[in-house]
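no FASTA, just this:
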């Protein structure tokens, strides 16, 4: 079945460091999404990508839609304590409702930042 | 704008008890979803409703029922709770399938359920 592999599972970094995480899919995607979940809250959309090769920034965050359409990357520059949380990649869940609406999620990357 | 509102935020049940998680959205979205989140498992789809009057099973529907009460509200019911249903439950909504942004889900803050 369709799978998303997200790595790393967790990261412990010093404030000010850059962060990189990635996601690979067993299927070709036409959309990649990156969400962040703060402790005790629901996931919030950070960046949406719709085209292979697309590079999109949102402040200190940059995400890329891989050329093969099977992977995506999220980078955070100059991390700060409020970057703490779980970051999820997501793409269309082809098992339920086709390519529109339903999402399949990676298992998340838990980010901890030491001041 | 409240977005997606879930109640209750916390609930403790005994095995065999029933309960309903409520969800309402005020964004005029047509599609609504229920996910569960377990440690190390990410989010898994329980049920979804593509539009008012329709519901469909997701990846992990066993032990749950849903009702799309109207366009705004989508409830999740546990008829006979089991310890395996201890989890954090998230409701989400999105614009109509086929529309631009249909994959962009807006989530509620979650309902943390413990079954003893």
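Perfect, thanks for sending it. What you are looking at is a predicted structure, and each value in this text was computed from that prediction instead of being measured.

helix, strand or coil for the closest residue to residue B:60 other than its chain neighbours?
Nearest residue to residue B:60 in three dimensions, chain neighbours excluded: residue B:44, at 5.1 Å (Cβ to Cβ, 6 or more residues apart in numbering or on different chains). To be clear about C-beta, it is placed using only N, CA and C from the backbone, and glycine gets the same treatment. Secondary structure state of residue B:44, per DSSP: H, G, I helix; E, B strand; the rest coil, is strand.

now do the contacts for residue B:44.
Residue B:44 makes contact with A:105, B:35, B:36, B:37, B:38, B:58, B:59, B:60, according to Cβ atoms under 8 Å, 6 or more residues apart in numbering or on different chains.

quick check: the second one touching residue B:93?
No - at 11.7 Å, residue B:35 and residue B:93 do not qualify as touching, with contact defined as Cβ atoms under 8 Å.

contact residues of chain B facing chain A?
Contact residues (Cβ under 8 Å from any Cβ of the partner chain) of chain B with chain A: B:4, B:31, B:33, B:40-45, B:48, B:50, B:56-59, B:90, B:92, B:94, B:97-98, B:101-110.

for whichever strand or helix holds residue A:87, packing partners?
Using DSSP states H and E, residue A:87 sits within strand A:85-92. Counting contacts by 3 or more Cβ pairs under 8 Å, 6 or more residues apart in numbering or on different chains; DSSP states H and E, strand A:85-92 packs against strand A:4-7, strand A:19-25, strand A:32-37, strand A:71-76, strand A:103-105, strand A:109-114.

quick check, pLDDT for the residue nearest to residue A:62 when sequence neighbours are not counted.
In this structure, residue A:62 finds its nearest non-sequential neighbour in residue A:75, 4.8 Å apart by Cβ to Cβ, 6+ apart. Predicted confidence (pLDDT) for residue A:75: 97.

sorry, back to before: the residue nearest to residue B:60 bridge partners, please.
Going by DSSP bridges, residue B:44 is paired in beta bridges with residue B:36.

gap between it and residue A:110?
18 Å (Cβ to Cβ, to the nearest Å).

picking that back up, thought residue A:58 was touching the residue nearest to residue A:62, still the case?
No - look at residue A:75 against residue A:58 with Cβ under 8 Å: they stay out of range, at 11.1 Å.

beta partners for residue 24?
With no chain named, the answer covers chain A. Beta-bridge pairing for residue A:24 (DSSP bridges): residue A:5, residue A:71.

if you could check chain B rather than the one you did, that'd help
Going by DSSP bridges, residue B:24 forms beta bridges with residue B:5, residue B:73.
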